[in-house]
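1. Give me the fold of what follows.
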Amino acid sequence: MKISIFGLGYVGAVTSGCLSAQGHSVIGVDYAQAKVTLINQGNSPVIEKGLDETISDGVRSGRLKATQDAEEAVLATDLSLICVGTPSRRNGDLDTGALESVCREIGAALRKKQSWHTVIVRSTVLPGTIRNVVIPELEKASGRKVGVSLGVGSNPEFLREGTAIDDFHSPPKTVIGAEDERTANEIESLYSGIDAPVIRTSIAVAEMIKYSDNVWHAVKVSFANEIGVICKSLDIDSHQVMDIFCQDTKLNLSSYYLKPGFSFGGSCLPKDVRALVHRARSLDLDLPLLGSVLPSNEKQTNRGFEMITQRGKRAVSILGMSFKAGTDDLRESPILEIIERLIGKGYDVRIFDRNVNLSKLVGANRDYLLRMIPHVSSLLVDSLEQALSHGEIIVIGNGDPEFRNIASRIRPEQFVVDLVRIRDFNSLNGQYDGIGW
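-> Next up is the predicted model:
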């Protein structure tokens with residue numbers, strides 16, 4: 001393919017060299033004459049293991065060159081990758097000035113070209129940037145319409161400094177954000193020789209993926225560091241703790257707990273977070289990440305409550321009362337807090353949970369329920385039918401499979417609030433809302 005790459009900083013230089021190594025014809029574009037000169041001399045403008053050799057091979061083979069002339073590059077290529085910097089503004093917002101400038105230059109050049117052209121954003125940009133910034137700038141400058149004679153997409157990079165070339169040729173995933181097949185196919189063709197999962201999605205999801213990845217990595221580093229602070233204060237080997245922690249790939253290093261949904265509860269998580277945070281405070285340790293876990297969890301409970309009460313309906317049916325489907329464990333179940341608050345506000349509440357039988361509950365489990373909702377027996381119904389018949393709002397409180405097929409039984413005047421994403425209720429258009437989707 002014939003590719004122009006705008007921005008020859010870290011991402012642009014690595015991408016230029018590696019795509020030329022894949023056999024593509026690449027023209028790098030940058031305002032800085034020094035970067036252009038270095039690449040045309042076969043040298044890398046950034047320090048990265050193996051990149052000098054990769055760029056040198058590309059230039060020597062004639063597959064890679066650089067220029068300051070954006071129009072020349074656009075007219076000679078079929079696809080443009082934008083790799084310009086998107087630094088932080090003083091207030092923390094994203095500075096899209098360079099991105100906007102490049103879009104205007106590409107668009108102006110496209111006025112002198114008749115054929116289809118594709119523009120792919122590889123820079124890290126916040127969700128909505130391509131729709132609200134890139135596409136308007138390109139369409140205004142070029143006189144073209146996206147999807148007619150212009151393709152636009154997102155292709156975030158996952159390159160680590162020091163191992164960027166290896167990461168390019170062996171990435172964890174290749175994410176393609178596009179709204180049309182032609183653009184998606186063109187992006188995928190860039191990586192036809194690379195063995196990695198190819199994930200096609202919408203532009204907005206592709207934009208968000210990079211932020212999700214990077215913020216998660218930041219959270220992991222901060223988590224490990226705060227565990228290390230506690231361990232050091234208790235004279236415990238933190239590396240030994242985390243080495244054992246990381247050996248659990250069933251739960252600790254898995255997707256199990258990484259599904260957006262309702263607040264956590266149960267007999268372990270709230271209690272153990274509370275205890276560890278208390279111990280840290282008793283040691284005069286300031287651990288902002290661990291200390292924010294329970295407040296964050298409480299805010300998610302508040303969001304669930306507001307989703308129910310903002311509908312202006314008074315009859316509410318709760319499907320699932322235990323904190324996890326298939327159990328009768330009610331200890332610190334966040335749905336119980338929702339129920340308690342609804343009752344306190346005068347809502348007419350009914351509860352159905354096949355696994356919760358008041359006569360069979362014993363010990364701390366029973367005590368907790370009766371302490372939270374003393375008159376719970378008057379709220380429990382014996383069947384799903386009774387619950388669905390009562391509620392103007394139907395709240396799905398846990399993932400019991402019995403609740404997956406209620407869509408066909410929802411009346412036109414009813415509304416479903418789903419706290420667990422038990423399934424996609426596409427048929428409930430206008431009658432359904434999820435807490436994180």
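
2. what's around residue 382, how many residues?
-> 9 (other Cβ atoms under 10 Å). Quick note: C-beta positions are derived from backbone N, CA and C, even for glycine.

3. Over to residue 386?
-> Applying other Cβ under 10 Å, we find 14 residues neighbouring residue 386.

4. In three-state terms, label it for me.
-> helix (DSSP: H, G, I helix; E, B strand; the rest coil).

5. Do I have it right that it meets residue 352?
-> Yes - applying Cβ atoms under 8 Å as the test, residue 386 and residue 352 come out as touching, 6.9 Å apart.

6. What helices and strands are in contact with the longest helix that the chain contains?
-> Using DSSP state H to assign secondary structure, the helix with the most residues in the chain is helix 203-233. Judged by 3 or more Cβ pairs under 8 Å, 6 or more residues apart in numbering; DSSP states H and E, helix 203-233 is in contact with strand 150-154, strand 174-178, helix 238-246, helix 269-282, helix 288-291.

7. ok, and which of those has the densest surroundings?
-> Burial of the helices and strands packed on helix 203-233 is given as mean neighbour count (mean count of other Cβ atoms under 10 Å); strand 150-154 ranks first at a mean of 25.

8. mean confidence for that strand?
-> For strand 150-154, mean pLDDT is 98.

9. and residue 39, how many neighbours?
-> Around residue 39 there are 27 residues (other Cβ under 10 Å).

10. Tell me the helix or strand right after the helix or strand hosting it.
-> Following DSSP states H and E, one finds residue 39 within helix 33-40. Following helix 33-40 in sequence order, the next helix or strand is helix 51-61 (DSSP H and E).

11. how near is residue 313 to residue 391?
-> For residue 313, the distance to residue 391 equals 8 Å [Cβ to Cβ, to the nearest Å].

12. try residue 172
-> To residue 391, residue 172 is 44 Å away according to Cβ to Cβ.

13. Give the helix, strand or coil label for the residue of the chain most remote from its centre.
-> Using Cα atoms, centre = their mean, the residue of the chain lying farthest from its centre is residue 359. It sits 43.3 Å away. Recorded secondary structure, residue 359: coil (three-state DSSP).

14. ok, and for stretch 303-312, which residues are buried?
-> Residues of stretch 303-312 classed as buried by neighbour count (16 or more other Cβ atoms under 10 Å): 304-305, 307-309.

15. Output that stretch as CSV - backbone C-alpha positions only.
-> Taking C-alpha atoms only, stretch 303-312 is exported to CSV below (Å, rounded to 0.1, in the frame of the first residue of the first chain):
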residue,chain,number,x,y,z
ARG,A,303,-26.2,5.6,40.5
GLY,A,304,-28.4,2.5,40.6
PHE,A,305,-30.8,4.2,43.1
GLU,A,306,-31.0,7.3,40.9
MET,A,307,-31.8,5.3,37.8
ILE,A,308,-34.8,3.9,39.5
THR,A,309,-36.1,7.0,41.2
GLN,A,310,-35.7,9.3,38.2
ARG,A,311,-38.4,7.5,36.3
GLY,A,312,-41.2,9.0,38.4
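
16. What lies in contact with that stretch?
-> Residues outside stretch 303-312 that contact it (Cβ atoms under 8 Å, 6 or more residues apart in numbering) are 262-263, 316, 334, 338, 341-342, 345, 347, 392-393, 395, 415, 417, 419, 433, 435.

17. and if we set it to 10 Å?
-> With contact meaning Cβ atoms under 10 Å, 6 or more residues apart in numbering, stretch 303-312 is reached by 261-263, 316, 318, 334-335, 337-339, 341-342, 345, 347, 392-393, 395, 397, 415, 417-419, 433-436.

18. Tell me how far it lies from the chain's centre.
-> Centre-to-centre, stretch 303-312 and its host chain are 24 Å apart (Cα atoms, centre = their mean, to the nearest Å).

19. any idea of the mean pLDDT for it?
-> For stretch 303-312, mean pLDDT is 97.

20. start to end distance for stretch 143-160?
-> End-to-end span of stretch 143-160 (Cα to Cα, to the nearest Å): 38 Å.

21. Buried residues of it, list them for me.
-> 144, 146, 150-159.

22. Could you do stretch 124-143 as well?
-> Under the neighbour-count criterion of 16+ other Cβ under 10 Å, stretch 124-143 has 124-127, 129-130, 133-135, 137-139, 141-142 buried.

23. now swap in stretch 371-388 and tell me
-> Quick answer for stretch 371-388 (16+ other Cβ under 10 Å): 372-373, 376, 379-381, 384, 387-388.

24. same question, stretch 339-352
-> Burial within stretch 339-352, assessed by neighbour count using 16+ other Cβ under 10 Å, is assigned to 339-343, 347, 349-352.

25. Counting only strands, which of those residues make the cut?
-> Assigned to strands by DSSP state E, the following of the buried residues of stretch 339-352 qualify: 349-352.

26. what domains does the record give for this structure?
-> According to automatic domain parsing, the chain comprises the domains 2-202, 297-434.

27. Lowest mean pLDDT across those, which one is that?
-> Among the domains of the chain, domain 297-434 has the lowest mean pLDDT, at a mean of 93.

28. centre of the chain versus it, how much separation?
-> That offset, for domain 297-434, works out to 27 Å (Cα atoms, centre = their mean).

29. any idea how far residue 74 lies from residue 12?
-> Taking Cβ to Cβ, one finds residue 74 at 15 Å from residue 12.

30. Then residue 140?
-> As judged by Cβ to Cβ, residue 140 and residue 12 stand 24 Å apart.

31. again with residue 77
-> 14 Å.

32. With neighbour numbers in mind, choose between these two.
-> Neighbours per residue (other Cβ under 10 Å) separate residue 77 from residue 12, with residue 12 holding more: 28 against 22.

33. Tell me how many other residues crowd the residue lying closest to that one once chain neighbours are set aside.
-> Of all residues not flanking residue 12 in the chain, residue 83 sits nearest, at 3.5 Å (Cβ to Cβ, 6 or more residues apart in numbering). Applying other Cβ under 10 Å, we find 27 other residues in the vicinity of residue 83.
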